[in-house]
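Give me a 3D structure for the following:
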Amino acid sequence: MNSEKLIDYGKRWALLALGMFVAASGISLITQTHLGTTPISSLPYTITGLTGLTFGTTTFIVNVVFFVIEWLLLKKRGVFHAFMCFQVPVVFVFSAFIDFTMTPAAAVMPSGYIPRFIVSFLGNAILALGIVQIHSRTIVQPGEGIVLAESVFFRHPFGTMKVVNDWSLVIIACIVALIFTGGIIGVREGTFVSALCVGLFAKQFLKLWPMPKAPEPRVAEEKAMA
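Predicted coordinates for the structure are as follows:
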């Protein structure tokens with residue numbers, strides 16, 4: 001690898017780290033409003049409420065489960081790449097960012113429903129910006145990887161499987177909370193706002209920062225979906 005490629009590679013991983021930090025900050029802001037966390041974070045946050053483990057810890061645990069499912073699905077299709085194993089340390093860093101940003105997010109949280117709703121809305125924009133920056137031609141996280149794997153395995157469009165995956169997590173989170181507490185943890189109106197707004201914000205940001213060409217490990221996945 002020549003110096004130019006090495007510098008480019010370093011920039012892409014730095015962009016990934018920055019994107020993860022921004023996305024984690026958005027998730028923390030949304031969650032600390034107590035108006036509902038994001039759909040994909042609903043199950044980890046429910047487990048946090050039941051176990052007392054940190055939000056970052058449960059996020060990592062759930063994402064490891066995502067990765068195992070992804071590995072099983074892609075292995076059956078013969079398109080799993082060893083490089084994808086880097087998803088685990090990457091999501092470990094992302095989970096640490098969530099724990100790091102939860103306290104500052106709580107510290108700046110205003111009182112009153114309307115101000116908190118505005119913060120939740122702002123958090124969705126920050127999360128969308130982080131998601132766009134995460135696409136740095138390096139590697140996806142298990143939360144996206146499992147959706148790609150489901151798209152490959154079931155041969156359905158990524159967008160369709162993303163919706164199914166996110167709302168399945170919300171339903172599972174509600175069922176688990178109801179069984180163990182008789183109530184709902186972390187799923188409120190903010191969850192539905194997040195489900196709607198993050199994608200819309202991301203589309204607008206992508207107009208400013210078009211998606212770069214996918215790296216080699218994902219090319220095979222995308223070809224398999226064709």
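
Tell me which stretches of the chain form helices.
Along the chain, the segments classed as helices by DSSP state H run 3-32, 42-51, 55-77, 87-107, 113-134, 142-154, 158-181, 189-208, 216-225.

Give me the residue at the spatial middle of the protein.
By C-alpha atoms, centre = their mean, the mean C-alpha position of the chain lies nearest to Gly143, the distance being 5.2 Å.

Which residue, other than its chain neighbours, is closest to that one?
Using C-beta to C-beta, 6 or more residues apart in numbering and skipping the chain neighbours, the partner closest in space to Gly143 is Ile40 (5.4 Å). (Each C-beta comes from the backbone N, C-alpha and C, glycine too.)

Tell me the spacing between that neighbour and Asn165.
8 Å (C-beta to C-beta, to the nearest Å).

more crowded one of these two?
Between Ile40 and Asn165, Ile40 has the larger neighbour count (other C-beta atoms under 10 Å), namely 25 against 18.

okay, that one: pLDDT?
Ile40 carries a pLDDT value of 93.

hang on, it packs against Gln141?
No. Contact criterion C-beta atoms under 8 Å: Ile40 and Gln141 do not qualify, at 9.9 Å.

Report the contact partners of the closest residue in space to Gly145 that isn't next to it in sequence.
Spatially, and ignoring its direct neighbours in sequence, Gly145 is nearest to Glu70 (4.7 Å; C-beta to C-beta, 6+ apart). By C-beta atoms under 8 Å, 6 or more residues apart in numbering, the contact set of Glu70 is 84, 87, 142, 145-146, 148-149.

Just among these, which is most surrounded?
Most crowded among these, counting by other C-beta under 10 Å, is Ala149 at 28 neighbours.

Perfect, that will be all.
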